[in-house]
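**Q** quick one: sequence plus predicted model below, questions after.
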Amino acid sequence: MYIVYSVVVLLSMQSFMSCNSTKFVGEDELLLTHSRVTSTDSAIPVGTLAQYVKQSPNTKWFSFLKVPLAIYSMSGTDTTRRVNRLLRKWGEAPVVLDTVMQQQSIVSLRQAIRNSGYLDAEVTARNTVKGKKVKVNYVVTPGPRYTLRHLTYNIADSVIDSLLRSSYLHEGGLRVGTPFSVNALYEERSRITNWLSERGYLYFNKEAITFHVDSSRQEHLADVNMNIGLYRRSSSEPLANHPRYYIHGVTYHSPSGELPLRARTLDINTLLRAGDTYCESNVQRTYSRFSRLGAIRSTNIRFSETPPTLASSLSVQTAVVADSLTVRGTESATPISGMRPLYADIMLSQRKTHSIQLQPEGTNTAGDFGAAMSVTYENRNVFGGSETFTLQARGAFEAIKGLEGYQRDNYVEYSFEGKLAFPEFVIPGISRNFQRRHSARTELLLSYNRQNRPEFHRRVFTGTWRYRWQASSGSVGYQYDFLDLNYVSMPWISDTFKHDYLDSSTNRNAILRYNYENLLIMKMGFGFTYNDGRHFLKVNVETAGNTLAGAAHLFKFSKNDEGQYKFALVAFAQYAKVDADYTRLFTLDHRNSLALHARIGVAVPYGNSSILPFEKRYFSGGANSVRGWSVRELGPGRYRGSDGRIDFINQTGDMRIDLNAELRTNLFWKFQGALFIDAGNVWTLRDYADQPGGVFTLRSLYDEMAVAYGMGLRLNFNYFLLRLDLGMKAVNPNYTTSREHFPITHPNFSRDYALHFAVGLPF
């Protein structure tokens, strides 16, 4: 019934908005309610032509609710009243059909389609009027598309002519027999310009490339002549070949007069090498490499045909040339015949080296309130190579309610973390050329976490050696965890907790025992990410315990009472884990977008482990999963928790599936809205007696997928986003009655809702 009510409310809102929308439309005016572009030829991609329509209807929330227009229409005619002014400010005035803009749209559409090769195309506007409202349909009649019949080149610059004919014209570009379009000519001009900028032509301008086109209407053919003119530096100088450059030398500046980085770091982050032909992509890569260094605030590269000179004083912005610094590959090069020498001058401005940050926090764990404080010290240039050292100390306190039989009722946590990051591969024997080709980062981390709860005390020691690097495109990234060591110690467990859960004969014994024992996890992992703005893919693979297992068999390590091998008197975990996360973003219009998301993870314990460590188990529910459930309240499978004190362990699994769809819209100011549908669950791969109904089978997959729906409000400040999502259960696999099975038709708000506050988007 809840979903029926929601639909009725939305339809009622839409009806009200529609009826009231013409309140401020004049007698001789028409409210533009709909505008679209169609074509008599299905081959025309009309979706790309909407951008040429000059006038669009009023803004729609979620692509169908004209809320801003409705808000404006609620105002009165008396603008001296504050409430009317506010409603008009928050709302949006009705868009009245403008025939001048309609004619401009026809012209723009016709030009756009003709530029695509349909030189005889025509566009008409069809207005459908109903009352004081109008729908506009721009109809494109493209006619036949022209074909490129002849292509000739007239290149006045002999060197460029030789380069293009010997290489570029064989690699790609325009081809005789392909569909003709003006857009293809523009693209060809840009490609040639970029191609030449990679081969020494710093000052080549695409305006030097022109085209002359002859067309035949009877045969629908086009003949193209491409012209590349000569170079003229100024109107007073004669025409000549375009200058071609090589890098003769590289120097470095700093406003402070002292370079912030040592020579080796400058070398591996500078892609401009003495003796190399000028290459624009190497300039951009040099900018990118220096911008990722924490010690550098800004970078500016200037080129000159004359050697740089020492600044006369420190007040000059370019400061002092580090003429005493010799960087490998930046010394003066031998002159290259046919090219002019070019000097690169790199200005590096330093960021503040030291910083201290205090960050207070408020916590709320299942209704138990607390507070935390962290202090972070950062040094961005430890050894003169933009190495970053971070030291963080954190303390937390939480008052726990509802525990009986325990001497203490508070939770206290202390943690210390130290991280040292190098902006390169830290690998013995690796060459500088290899470092220069890869934008890499090496991270070393040590941390200690001390947790004191009324039920138990827990200590966690972590040590990590990790590499991160990116492909030259910037859209592909990699991560390799060379060594990730976690040691978990349980120095004290209360007698009450032991009696109730660990030493009893209840069905929770096995899982709880394993997760409240000392444990060593030594893993290796590899990660891959791809992000082009529309597609986001992340894949991680990790394995743990294989090296220790091999050593245990070879050297006959001792075993504990459970038959597990021990290393340094502690049992070690052994498992394999694979995770894949994919997001696809569709832009519907300038205010609305659709995000689709899928996440799948599988972890298999084997060898020295029969159960996954708690930190590696999957959970469902929460702000980034199936939002109709709170975190760790869903699954595994049909399992239904009954003891909130320890079900956070039982409601975990070895496998996870999350499927999400979210319609996002810009509301007003910095507020955004969302409508979402989530589906998913977690499962175990083994039939544990402690989690009845939790094992995964293909036969029961459909019946055990939980489904939720809801809406969200977001406050987007660009650099961070605050999110409030209200989720409702739609299909509940953990049911006891038919009404609980399908909450979408038998809603109970107090039972079926979950409210989530989070920072950042869910995916």
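**A** Done, it's in.

**Q** so what's the residue lying closest to residue 173 once chain neighbours are set aside up against?
**A** Closest residue to residue 173 apart from its sequence neighbours, by C-beta to C-beta, 6 or more residues apart in numbering: residue 188 at 5.5 Å. All C-beta atoms are positioned from the backbone trio N, CA, C, and that covers glycine. Counting by C-beta atoms under 8 Å, 6 or more residues apart in numbering, residue 188 makes contact with 173-174, 226.

**Q** next, residue 188: secondary structure please.
**A** helix (DSSP: H, G, I helix; E, B strand; the rest coil).

**Q** separation between it and residue 121?
**A** In this view, residue 188 and residue 121 are 21 Å apart by C-beta to C-beta, to the nearest Å.

**Q** which parts of the stretch 1-150 of the chain are strands?
**A** With strands called from DSSP state E, counting those that start in this stretch, the stretch 1-150 of the chain shows them at 31-39, 122-130, 133-141, 147-155.

**Q** let me fix that: the stretch 651-763 of the chain
**A** Under DSSP E, counting those that start in this stretch, the stretch 651-763 of the chain gives strands at 655-668, 671-683, 706-716, 721-731, 753-759.

**Q** then the second one to CSV, C-alphas only?
**A** To tie it back to what came earlier, the one meant is strand 671-683. Output of strand 671-683 as CSV, limited to C-alpha atoms (Å, rounded to 0.1, in the frame of the first residue of the first chain):
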residue,chain,number,x,y,z
PHE,A,671,20.8,20.6,-2.9
GLN,A,672,20.3,17.5,-4.9
GLY,A,673,17.8,14.7,-4.8
ALA,A,674,17.8,11.0,-5.6
LEU,A,675,15.3,8.1,-6.1
PHE,A,676,16.8,4.7,-5.8
ILE,A,677,16.2,0.9,-5.9
ASP,A,678,18.6,-1.5,-4.3
ALA,A,679,18.9,-5.3,-4.4
GLY,A,680,21.3,-7.7,-2.8
ASN,A,681,22.3,-9.9,0.1
VAL,A,682,25.3,-11.8,1.5
TRP,A,683,25.6,-15.6,1.7
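
**Q** burial count for the nearest residue to residue 635 once chain neighbours are set aside?
**A** With sequence-adjacent residues excluded and distances taken as C-beta to C-beta, 6+ apart, residue 635 is closest to residue 682, at 4.1 Å. Neighbour count of residue 682, defined by other C-beta atoms under 10 Å: 30.

**Q** wait, residue 90 touches residue 671, no?
**A** No: contact between residue 90 and residue 671 fails when scored by C-beta atoms under 8 Å: they sit 10.9 Å apart.

**Q** neighbour count: those two, which is higher?
**A** residue 90 (15 against 12).

**Q** ok, the more buried one - contacts?
**A** Applying C-beta under 8 Å, 6+ apart, the residues contacting residue 90 are 68, 71, 668.

**Q** if you set the cut-off to 10 Å instead, what comes out?
**A** By C-beta atoms under 10 Å, 6 or more residues apart in numbering, the residues touching residue 90 are 67-68, 71-72, 74-75, 668-669.

**Q** do the same with residue 36
**A** Residue 36 neighbours (C-beta under 10 Å, 6+ apart): 46, 49-50, 53, 57, 135-139.

**Q** any idea what it is bridged to?
**A** residue 137 (DSSP bridges).

**Q** what's the following helix or strand after the lowest-mean-pLDDT helix or strand in the chain?
**A** When each helix and strand of the chain is scored by mean pLDDT, DSSP states H and E, strand 320-321 comes last, with a mean of 34. Next helix or strand after strand 320-321 toward the C-terminus (DSSP states H and E): strand 340-350.

**Q** on the C-terminal side of that next one, identify the next helix or strand.
**A** According to DSSP H and E, the helix or strand after strand 340-350 is strand 354-365.

**Q** contact partners for residue 47?
**A** Per C-beta under 10 Å, 6+ apart, neighbours of residue 47: residue 37.

**Q** where does residue 176 land in three-state SS?
**A** With three-state DSSP as the criterion, residue 176 reads coil.

**Q** so it touches residue 147, yeah?
**A** Yes: Residue 176 is within contact range of residue 147, at 8.8 Å (criterion: C-beta atoms under 10 Å).

**Q** so for those two, which residue has more residues nearby?
**A** residue 147 (15 against 11).

**Q** show me where the stretch 501-650 of the chain has its strands.
**A** 519-531, 535-544, 566-567, 570-571, 575-587, 592-605.

**Q** so which of those strands comes closest to residue 469?
**A** Closest approach to residue 469 among these (C-beta to C-beta): strand 519-531, 11.1 Å.

**Q** report the buried residues of that closest one.
**A** Buried residues in strand 519-531, counting neighbours by 16 or more other C-beta atoms under 10 Å, are found at 519-525, 527, 529.

**Q** tell me how far that strand lies from the chain's centre.
**A** 19 Å (C-alpha atoms, centre = their mean, to the nearest Å).

**Q** again, but for stretch 434-442
**A** 22 Å.

**Q** and it, how far apart are its ends?
**A** 15 Å (C-alpha to C-alpha, to the nearest Å).

**Q** could you give the average pLDDT over that stretch?
**A** For stretch 434-442, mean pLDDT is 92.
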